[in-house]
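Enquirer: Fold the following, please.
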Amino acid sequence: MTGSVTPADPSAHGGYRRSMGRRTVSVHHVRAVLAGARRDGVDLVPLLQEAQIPPLLLGDDRARVTPAQFARLFRALYRTTRDEFLGLSAVPSRPGTFAMMCYACVGCRDLGAAVERAAAFYGLAAGWWAGASP
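Expert: Residues are numbered from 1 along each chain as shown. Sure thing, here's the model as predicted:
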């Protein structure tokens, strides 16, 4: 799908912008989401191929991918790492942890209360992940 990759506009800010009427994602974000898997020794080429992202694209700082390509990469990483944090945290997050945190926050009165509850939840969950006893 190399036809869907476009060079970045030097005046554009952020990693997500419109390119010729379509939204695209900067290769910077592709590299960032791959960092944990790379550090853990995961072969990135099959993940990129599954996402239909040419591996050589990672070397072009101006390259961009479509949101669909980025989403496929994210799903492939999630399946491969079995970690909701995609290897980007010191301790993996088991599949389902984010859903449980959402259940814990759904009844909060406002966003501030939800953020506080989410922080408390992940503070507790980090101990479980690290094998700490309650």
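
Enquirer: Provide a list of residues in contact with the residue nearest the centre of the chain.
Expert: By Cα atoms, centre = their mean, the chain has its centre lying nearest to residue 33, at 4.8 Å. Counting by Cβ atoms under 8 Å, 6 or more residues apart in numbering, residue 33 makes contact with 70, 73, 74, 77, 86, 88. Quick note: C-beta positions are derived from backbone N, CA and C, even for glycine.

Enquirer: unless I'm mixing things up, residue 95 is touching residue 79, no?
Expert: No - the pair residue 95 and residue 79 fails to qualify as a contact (Cβ atoms under 8 Å) at a distance of 9.6 Å.

Enquirer: Okay, now the unreliable bits of the protein?
Expert: 1-21, 125-134 (pLDDT under 70).

Enquirer: so where do the strands sit in it?
Expert: 16-19, 22-26, 64-65 (DSSP state E).

Enquirer: Direction included, what does the last one pair against?
Expert: Strand 64-65 has the following strand partners under DSSP bridges: strand 22-26 (antiparallel).

Enquirer: For the partner strand, buried residues please.
Expert: Buried positions in strand 22-26, judged by neighbour count with 16 or more other Cβ atoms under 10 Å: 24, 25, 26.

Enquirer: Likewise for stretch 110-126?
Expert: Using 16+ other Cβ under 10 Å as the test for burial, stretch 110-126 gives 114, 117, 118, 121, 125.

Enquirer: what residues are up against the fourth one?
Expert: Okay, so that is residue 121. Contacts of residue 121 by Cβ under 8 Å, 6+ apart are 100, 101, 104, 105.

Enquirer: Tell me the most packed of these, by neighbour count.
Expert: Counting neighbours by other Cβ atoms under 10 Å, residue 101 comes out on top of those with 20 neighbours.

Enquirer: Which of the buried residues of strand 22-26 sits closest to residue 48?
Expert: Closest approach to residue 48 among those (Cβ to Cβ): residue 25, at 13.8 Å.

Enquirer: Chain neighbours aside, what residue packs nearest to residue 31?
Expert: With sequence-adjacent residues excluded and distances taken as Cβ to Cβ, 6 or more residues apart in numbering, residue 31 is closest to residue 58, at 6.0 Å.
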